[in-house]
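**Student:** what would the 3D arrangement of this be:
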Amino acid sequence: MSIGIYVHVPFCLTRCGYCDFNAYAGLEHLRSPYVRALVREAELAAPGWEQEEVRSVFLGGGTPTTLPADDLAAVLAALRERYRLAPGAEVTVEANPDTVDAPKLSALREAGVTRLSMGAQSFDPAVLASLERVHGPDAVRRAMEAAREAGFGNVNLDLIYGAQGETLASWERTLREAIALGAEHVSAYALTVEPGTPLGRQVALGLRPAPDPDLQAEMFALACELLHGAGYRHYEVSNWARPGFECRHNLGYWRREPYLGLGAGAHSHRGERRWWNVRPPEEYLRRVGAGELPIGGEERLGPEEAHLEEVFLRLRILEGVPASWAEPSAARPLLEGGLLREEAGALVPTERGMLVLNELVLALAG
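**Tutor:** Below you'll find the predicted structure:
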């Protein structure tokens, strides 16, 4: 079975208030040591993985493109040296619009990057300000133009909906702009409030309103309508792609295929074992510098947990679960209520059903 490799780069220009990723601003002095540590960890982790074919590499964060292109190229070169990358492997780099230009993107193309994932989030300046993004809409347009100039023919735009002050009309303008820019892939995520983030604390104190779930449901429905009308296939709850441009790396996660995570806080999965690296970059550097794998913990899924996860993931990527897995008495009201449809012997969520995915999972896996 082929595998994916995820490489975590924890550096950002600024830390957005809604973000709960393992990401940091103000650690520029750690960038060069961190790149050396990634190369070293790739070497330490290789035993047992060298013979697996690598179908995809994903450099995420954080913002990987805060690093110089030469550093990212060095990491990719180390992976090619230690692992067996498949011909035509998908190699994705996440980017923020203000951290790329045509020369940098051309250098990434030369280093073997095949796919760019751009954090656009919105084309409404007020919404970007609410999200504490440092770029404006013009920066996304310039970055898209630079990506095309550099030869990228596979670009994803990440969007977030439901931020404070966003209306259905402004969300529609954002969607239409993303479509007009010709992105091959669009990811659209409902803004969620995580307790440990600045946004979470502000909402808890009543300083900011929580996102309106009814408005977010309308925004999701609008995304489904407009993106479908523009020729995008809705292949995962939050992801749409033109035919043939589905994200192979993320499909590997959703299909429970093995993957290796490198970098501070990165997760790995093989069989029923999950493990993850220590999160603080300084601790990660110390452990790798001592010649150790920087593993911070692990877990193993039991049969019931594995089944529940498989049901959740199959529903999430709209492949559905075999109808034989569900009790007819559990499935019937969901089918009659328009939350599921039956397709080639499988129970598949409708777009209404995607809004209550957890409830569907519990009903079908019970």
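**Student:** tally of neighbours for residue 359?
**Tutor:** The local packing of residue 359 (other C-beta atoms under 10 Å) involves 12 other residues. C-betas here are computed from N, CA, C, even on glycine.
**Student:** no, scratch that, I was asking about residue 339
**Tutor:** Residue 339, neighbours per other C-beta under 10 Å, totals 22.
**Student:** may I have the phi/psi pair for it?
**Tutor:** phi -90, psi -20 (degrees, to the nearest 10).
**Student:** with residue 238 instead?
**Tutor:** phi -110, psi 10.
**Student:** now do the helices in the stretch 151-300 of the chain.
**Tutor:** Remark: helices assigned in the stretch 151-300 of the chain by DSSP state H, counting those that start in this stretch are 168-180, 198-204, 213-229, 248-254, 281-289.
**Student:** in the stretch 101-250 of the chain, where is pLDDT below threshold?
**Tutor:** Counting by pLDDT under 70, the stretch 101-250 of the chain shows no low-confidence range.
**Student:** relative to residue 357, which of the helices of the stretch 151-300 of the chain is closest?
**Tutor:** helix 213-229 (11.6 Å; C-beta to C-beta).
**Student:** now what about the closest one, what contacts it?
**Tutor:** 161-162, 166, 168, 171-172, 175-176, 179, 186, 188, 190-191, 234, 240, 351, 354-355 (C-beta atoms under 8 Å, 6 or more residues apart in numbering).
**Student:** mind checking which helix or strand residue 44 is in?
**Tutor:** Element membership for residue 44 (DSSP states H and E) is helix 31-45.
**Student:** list the helices and strands the next helix or strand after that helix packs on?
**Tutor:** Once the chain leaves helix 31-45, the next helix or strand it forms, by DSSP H and E, is strand 53-61. On a contact count with 3 or more C-beta pairs under 8 Å, 6 or more residues apart in numbering; DSSP states H and E, strand 53-61 meets strand 3-9, helix 69-82, strand 84-95, helix 248-254.
**Student:** go through strand 53-61 and flag the buried ones.
**Tutor:** 54, 55, 56, 57, 58, 59, 60, 61 (16 or more other C-beta atoms under 10 Å).
**Student:** with stretch 201-221 instead?
**Tutor:** Buried-residue list, stretch 201-221, by 16+ other C-beta under 10 Å: 202, 203, 208, 210, 211, 215, 216, 219, 220.
**Student:** go through these and say which is closest to residue 102.
**Tutor:** Residue 102 has its nearest neighbour among these in residue 219, at 33.0 Å by C-beta to C-beta.
**Student:** how close does that closest one sit to residue 365?
**Tutor:** Residue 219 is 28 Å from residue 365, where distance means C-beta to C-beta, to the nearest Å.
**Student:** domain map for the chain?
**Tutor:** 3-254, 304-365 (automatic domain parsing).
**Student:** what sits against residue 62?
**Tutor:** Contacts for residue 62 (C-beta under 8 Å, 6+ apart) come out as 8, 9, 10, 11, 12, 21, 22, 23, 24, 94.
**Student:** nope, residue 192 is what I meant
**Tutor:** By C-beta under 8 Å, 6+ apart, the neighbours of residue 192 are 18, 211.
**Student:** can I get the buried residues of strand 53-61 in a markdown table with pLDDT and distance to residue 279?
**Tutor:** Output for the buried residues of strand 53-61, formatted as a markdown table (pLDDT from 0 to 100; distance: C-beta to C-beta, whole Å):
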| residue | pLDDT | distance to residue 279 |
| --- | --- | --- |
| 54 | 98 | 25 |
| 55 | 98 | 27 |
| 56 | 98 | 24 |
| 57 | 98 | 21 |
| 58 | 98 | 18 |
| 59 | 98 | 18 |
| 60 | 97 | 15 |
| 61 | 93 | 13 |
